[in-house]
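S.K.: Here is the input, now give the coordinates:
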Amino acid sequence: MYAESPRAAHDCNILASTLMTMLQNRVENCDKFRKLQICEVGGGTGATTVQLLHVLTKLNIPFKYTFTDIGASFAAAAQKKFVPYADHMIYCVLDIEVDPLVQGFVPHSYDIVLANNVLHATINLHTTLQNISLLLKIEGFLFINEHFQPCRQYDISVGFLNGWWRFGDFRKDQNYPLVPSKVWCKLLHETGYNVVSFPNKEAKSGCIVGKKNGQYKVTIGSKIWALIGRPDEPIMACLNDKLCSIGRKVERFYTNFSNSYSSQLLAHLSKKKFDSVEGVVYIVSGPEEISSEFLTFVKCLISTRFSSKLRLYLVTSESCAAVLDDMVKNYRSATFRAVLKTIFNEHRDEVVGSCIDVATPDSETIDLLFELLWTSKVESEIVIRKRCLMVPRLIKQKVLQALVPLPEIFRVIDSGTGILDGLRMESVTEDLENGLVVTVEAVGLNFHDILVTSSLIAYPENSKHVPGMEFSGSVFYVPPALGQFYKKGDRVAGVSTEGTMKSHIIIQNSDLIIRIPEHISFEEGAGLPIAFATAYESLKVDL
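M.R.: Alright, predicted model coming up:
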């Protein structure tokens, strides 16, 4: 009903046209390879989303659109509704009145946040705008579409619901949820936004656009983060600044080993409520060795009863190799990672976190590291290299048969005595050279072999005669180039001009072998090739 009402359609059009105008002015300066990150707060039935997706598609801008609502049913319905845009969409449950970071959202991750007739329904507008600021990047845009004067349609519909009157801030004085546009502008200035677009004073409704200026310090709640590392650790200083920028309290503890940082940490936390402890980051950037102090620290943490899962992160520097040109400079600190990974596996109900290895602590690496502190999809082990995140994975893969050593190959040769009893066996080394290797089960001897062995036909000097031209057996090794045609264990028969009375034969030309079915024995298979070739040549008709 709401989605089809004329007033709702009018409000959606206003927001969509405002967004389109601003994006058109910026589209030439946008990075064509970077997706625009957009979040809609209170998406509801998706009436606004439809028009905004149309605008973004029309402008041919690469984007990722996060649809959120406080109701999980709305998010589920939207997912079915916007199937054609599946590659661009993310669906989440979000209560914008609660710190979004504790709901799994990454701070400062959106270029644009949109809210169409939603924010007036929150208890405290100041707090709501602070929460949105946590989602927006510096110089990100907030689009607010609201009614600025009493609305009779709302009064006789939602006005009879408790949610319409749930405000608990300055609006108690006026006893009405909607506020004038100038009040919205004042609120935006107070919470760190510059107002870049707003309707005229007489407008009953309209869209106000605020640009985050980054000069406002968010003060939400009393969440505490503990940072542990050396006093001169640059990563600690950078994380300290970033955590403070999102309203977190930071306590720093130094691993100078002159005193017990674990006892200091727990003594400090005991004075506070454990409910307020949100996370701990332990930084090992040098060639440090694991100590009993670290083990005591971990033991104390996992034995402490926190109200929710403790976020525990270990940051090391070049303690593992992730790419071919990686140098492991601080291999000793890898033991820290081993201990933490064990903790993550054995205490999944109490602790969640990651072991993160970095190379150089530049600004982009710090940004990626900071995002990992908040992501809801936690990996136990992560490596940051060259602006990329890498995680270990076990992949089902065929065995690299080229690494399988060939068995020792034996062959039978003619000693040149002119009698069959003169045949003898010798070991031989043959080059694989991407050939297909067959374990010989049977050999076909022909009249030619008897004549050569009996010295009735001369054999080239300085060469050894290996009897047999036909063979059968099973495939022992398949080179990658023939992997789609044969596999190890296939039953085959074939010919070779270099003799076949060998333990193994290496075939360079796959046209010289053919599969034989199960009902044909190896002995029968070894007698087929030349007989078949003779019959074929004899019956061939020249057309």
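S.K.: When you work out contacts or count neighbours from here on, use the C-alpha atoms and nothing else.
M.R.: OK.
S.K.: Each with direction, which strands does the helix or strand harbouring Asp357 pair with?
M.R.: Following DSSP states H and E, one finds Asp357 within strand 351-358. Strands that pair with strand 351-358, judged by DSSP bridges, come out as strand 310-317 (parallel), strand 381-385 (parallel).
S.K.: Buried deepest among the ones you listed, which one?
M.R.: strand 310-317 (a mean of 23; mean count of other Cα atoms under 10 Å).
S.K.: mind exporting it as CSV, just the C-alpha atoms?
M.R.: This file holds the C-alpha atoms of strand 310-317, laid out as CSV (Å, rounded to 0.1, in the frame of the first residue of the first chain):
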residue,chain,number,x,y,z
LEU,A,310,36.1,-11.1,22.5
ARG,A,311,37.7,-9.9,19.3
LEU,A,312,41.4,-10.9,19.4
TYR,A,313,43.8,-10.0,16.6
LEU,A,314,47.5,-10.8,16.2
VAL,A,315,49.4,-8.6,13.8
THR,A,316,52.8,-9.8,12.7
SER,A,317,55.2,-8.5,10.1
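S.K.: Counting by contacts, list what the helix or strand following that strand packs against.
M.R.: With elements assigned by DSSP H and E, the helix or strand that comes after strand 310-317 is helix 334-346. Counting contacts by 3 or more Cα pairs under 8 Å, 6 or more residues apart in numbering; DSSP states H and E, helix 334-346 is packed against strand 310-317, strand 351-358.
S.K.: how about those strands in TSV, adding mean pLDDT and distance to Ala226?
M.R.: Formatted as TSV, those follow (pLDDT from 0 to 100; distance: least, Cα to Cα, whole Å):
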stretch	mean pLDDT	distance to Ala226
strand 310-317	89	10
strand 351-358	90	14
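S.K.: Buried ones in the longest strand anywhere in the chain, by neighbour count?
M.R.: Criterion DSSP state E: the longest strand present in the chain is strand 136-147. Neighbour counts over strand 136-147 (16 or more other Cα atoms under 10 Å) mark Leu136, Lys137, Ile138, Gly140, Phe141, Leu142, Phe143, Ile144, Asn145, Glu146, His147 as buried.
S.K.: What is it packed up against?
M.R.: Here strand 136-147 touches helix 6-26, strand 110-116, strand 205-212, going by 3+ Cα pairs under 8 Å, 6+ apart.
S.K.: Please tell me the pLDDT value assigned to the closest residue to Asn446 other than its chain neighbours.
M.R.: The shortest distance from Asn446 to any non-neighbouring residue, by Cα to Cα, 6 or more residues apart in numbering, is to Gly468 (6.9 Å). pLDDT recorded at Gly468 is 89.
S.K.: Share the number of residues neighbouring Gly468, please.
M.R.: If you count neighbours by other Cα atoms under 10 Å, Gly468 ends up with 24.
S.K.: Can you tell me the SS state at the residue lying farthest from the centre of the chain?
M.R.: Computed with Cα atoms, centre = their mean, the maximum C-alpha offset from the centroid of the chain is found at Leu456, amounting to 72.4 Å. Using DSSP: H, G, I helix; E, B strand; the rest coil, the structure places Leu456 in coil.
S.K.: how close does it get to Asp449?
M.R.: Distance check for Leu456 against Asp449: by Cα to Cα, to the nearest Å, it reads 10 Å.
S.K.: gap between the strand holding Asp357 and the chain center?
M.R.: 15 Å (Cα atoms, centre = their mean, to the nearest Å).
S.K.: Quick one: mean pLDDT for the helix or strand immediately after that strand in the chain?
M.R.: Later in the chain than strand 351-358, the nearest helix or strand by DSSP H and E is helix 363-372. The average pLDDT within helix 363-372 is 89.
S.K.: Now do helix 363-372: which elements does it pack against?
M.R.: With contacts taken as 3+ Cα pairs under 8 Å, 6+ apart, helix 363-372 sits against helix 234-245.
S.K.: What residues of the helix it packs on count as buried?
M.R.: So for helix 234-245, counting by 16+ other Cα under 10 Å, buried means Ile235, Met236, Cys238, Leu239, Asn240, Leu243, Cys244, Ser245.
S.K.: which residues touch it?
M.R.: Residues from elsewhere that reach helix 234-245 (Cα atoms under 8 Å, 6 or more residues apart in numbering): Lys217, Val218, Trp225, Leu227, Ile228, Gly229, Lys249, Val250, Ile283, Pro361, Ile366, Phe370.
S.K.: And stretch 155-169, by the same measure?
M.R.: So stretch 155-169 is contacted by Ala121, Thr122, Ile123, Asn124, Leu125, Tyr176, Pro177 (Cα under 8 Å, 6+ apart).
S.K.: I'd like the average pLDDT over that stretch.
M.R.: For stretch 155-169, the per-residue pLDDT averages 86.
S.K.: Start and end of that stretch, how far apart?
M.R.: Terminal residues of stretch 155-169 lie 20 Å apart, using Cα to Cα.
S.K.: again with stretch 117-136
M.R.: OK, stretch 117-136 end separation, Cα to Cα: 19 Å.
S.K.: from the middle of its chain, how far away would it be?
M.R.: Between the centre of stretch 117-136 and the centre of its chain there are 31 Å (Cα atoms, centre = their mean).
S.K.: Check stretch 386-397 too.
M.R.: Taking the mean of its C-alpha atoms, stretch 386-397 sits 8 Å from the chain's own mean (Cα atoms, centre = their mean).
S.K.: again with stretch 89-100
M.R.: In terms of Cα atoms, centre = their mean, the centre of stretch 89-100 is set 21 Å apart from its chain centre.
S.K.: Stretch 533-543 now?
M.R.: On Cα atoms, centre = their mean, the centre of stretch 533-543 falls 61 Å from that of its chain.
S.K.: ok, now stretch 185-204?
M.R.: With Cα atoms, centre = their mean, you get 39 Å for stretch 185-204.
S.K.: In that stretch, which residues are buried?
M.R.: Judged by neighbour count (16+ other Cα under 10 Å), stretch 185-204 contains these buried residues: Cys185, Leu188, His189, Thr191, Gly192, Tyr193, Asn194, Val195, Phe198.
S.K.: pLDDT on that stretch, on average?
M.R.: 89.
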